[in-house]
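K.L.:
Output the structure for:
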Amino acid sequence: GSYRQNRLNLTTLLVQPISAVLAKKFVSLPEDAVQRDKCIPLQMPATGKKIISLNIQSVTTYKTISNVIGYLKGTVFPDRYVIVGSHHNGLNTYGGQEWASSTAIITAFIQALMLKVKRGWRPDRTIVFCSWGGTSFGNIGSYEWAEDLKRVLQRNVVAYVSLNNPVRGNSTLHPVASPSLQQLAAESQSFNCVEKTKCPASNVSSVQIQGDSDYFINHLGVPATQFSYEDIKTSENSSFLSEALFPVHTTKTEELDPSFSLHETIAKLTGQVTLQIANEPVLPFNALDIALEVQNSLKGDKVDIPQLLAVASRLRDAAELFQSDEMRPANDPKERAPIRVRMLNDVLQSLEKSFLVHRAPPGLYRNILYRLDERTSQFSVLLEALEHCKLHQSNETIQTALSEVLNSINSAQVYFKAGLDVFETTLAGKK
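P.N.:
Numbering: from 1, shown residues only. As a prediction, this is how the structure comes out:
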């Protein structure tokens, strides 16, 4: 891999997770100063002083990180890649459940595809299967691999399908997708629901997700999706600083999913989405959904900026025109001229690259289409800048964030318009 002396996603500070019980001792008042029947918030006392000594026995070690990569070459668009990513156990001795589920599902998917391959089937686009190493510590395996191949991946990857910790609970299915893939994820979820009358409403969202999709979303602007089973409380939590979580007892697979029905569902959903992206002549991405997501992220009093709203409106108009003038005709087999399909797919796979900002606050995605968590309905970078503005009584941060968001939306609108112009010019020349 590449030599790294400094990396933005690896801190130079030594961070030591501690238990909630120990944290309570650090910040709580002495017992004799608290009324036993009175409930007080957990906070640092206004007065008083504590001297704390922590005996940390961390040992610095060097380990070799290994990735396992395989691929099934496409027949029509072999230079376009759909990446399916899982991960295997790395340096830590805990957390075996997540990599076991991930590995089991991707293995079952590969086995199913090999049965089709033996009968002569091949996908239209190349499917790349990746099992990453070093996930728990800054996603080192995927980061270094993608960094080494960045120029190729920027041009050729059309989507990333994540299998990071797919069964972490058993109460609710939690689908996450880029705005352009939300419709596909929702349709796959509905299609795989056996009892149609009891199917839950689609709850696909674009929230930040943990795992190795990070580089593909934040540095390459690749559309991504992930299906996972979670407990309700877990799904409500933010993924901020997931690496600093204190290790907990890992629930055995047999306890979470004794019949492996949840694993089977994730395998079916992941497989269906992957095959649709790999085989559809026109990529099943929805351009209009991106524009709608942008408009929804600008709703509310906190980010009511007329200039942003105006640019977002123009983006929606351009997306609607693109959807009607180019997407619909291309879905007609009679209109699928090879040059038209290739040009259209090139536009579709690059839709989200316009939304990568240069700098994002710690813990937030550079891809502004993703929100911090389910409770956040607006652009996370703008909300963070507003909080910073209130705290420091300065509007410099908010002006920078507004400029980044404005440039992203404007760039996307220009990209749509340029795509339409290229279509008109090229097709007119062919006539």
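K.L.:
drop to CA atoms for contacts and neighbour counts, all remaining ones
P.N.:
OK.
K.L.:
show me where the stretch 51-200 of the chain has strands.
P.N.:
68-72, 77-87, 125-132, 157-162, 172-177 (DSSP state E, counting those that start in this stretch).
K.L.:
Turn these into a markdown table, including mean pLDDT.
P.N.:
A markdown table is the format used below for those (pLDDT from 0 to 100):
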| stretch | mean pLDDT |
| --- | --- |
| strand 68-72 | 96 |
| strand 77-87 | 96 |
| strand 125-132 | 97 |
| strand 157-162 | 97 |
| strand 172-177 | 90 |
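K.L.:
Compare the ones you listed and give me the one nearest Pro362.
P.N.:
Ranking these by proximity to Pro362 (Cα to Cα) places strand 172-177 first, at 21.3 Å.
K.L.:
Show me what that closest one is in contact with.
P.N.:
The contact list for strand 172-177 (Cα atoms under 8 Å, 6 or more residues apart in numbering) reads 182, 185, 203-207, 209, 223-232, 235.
K.L.:
Tell me the gap between it and the middle of its chain.
P.N.:
On the basis of Cα atoms, centre = their mean, to the nearest Å, strand 172-177 sits 11 Å off its chain's mean C-alpha point.
K.L.:
How about stretch 361-378?
P.N.:
Distance, centroid of stretch 361-378 to centroid of chain: 10 Å (Cα atoms, centre = their mean).
K.L.:
Ends of it, what's the gap?
P.N.:
Distance across stretch 361-378, first residue to last, is 15 Å (Cα to Cα, to the nearest Å).
K.L.:
Please spell out which residues along it are buried.
P.N.:
The neighbour-count check on stretch 361-378 (16 or more other Cα atoms under 10 Å) flags Leu364, Tyr365, Arg366, Asn367, Ile368, Leu369, Tyr370, Arg371, Leu372, Asp373, Ser377, Gln378 as buried.
K.L.:
Out of those residues, which one has the weakest pLDDT?
P.N.:
Among these, Ser377 carries the lowest pLDDT, at 74.
K.L.:
returning to what we had before: so which of the contacts of strand 172-177 sit within strands?
P.N.:
With strands taken from DSSP state E, the overlap with the contacts of strand 172-177 comprises Ala224, Thr225, Gln226, Phe227, Ser228, Tyr229, Glu230.
K.L.:
now the helices for the stretch 301-431 of the chain?
P.N.:
For the stretch 301-431 of the chain, the helices defined by DSSP state H, counting those that start in this stretch occupy 306-322, 328-330, 338-349, 380-392, 396-430.
K.L.:
tell me the mean pLDDT for the first one?
P.N.:
Translated: helix 306-322. For helix 306-322, mean pLDDT is 90.
K.L.:
Name the residues that touch it?
P.N.:
287-288, 291-292, 294-295, 298, 406, 409-410, 412-413, 416-417, 420.
K.L.:
State the distance from Cys389 to Ile398.
P.N.:
7 Å.
K.L.:
Kindly report the same for Ala310.
P.N.:
Distance from Ala310 to Ile398, counting by Cα to Cα: 19 Å.
K.L.:
ok, back up a step: Gln189: which of the ones in strands among the contacts of strand 172-177 is nearest?
P.N.:
Comparing the ones in strands among the contacts of strand 172-177 against Gln189 with Cα to Cα places Phe227 closest, at 9.2 Å.
K.L.:
where are the low-confidence patches of the stretch 101-250 of the chain?
P.N.:
Across the stretch 101-250 of the chain, residues meeting the criterion (pLDDT under 70) sit at 136-137, 192-201, 232-250.
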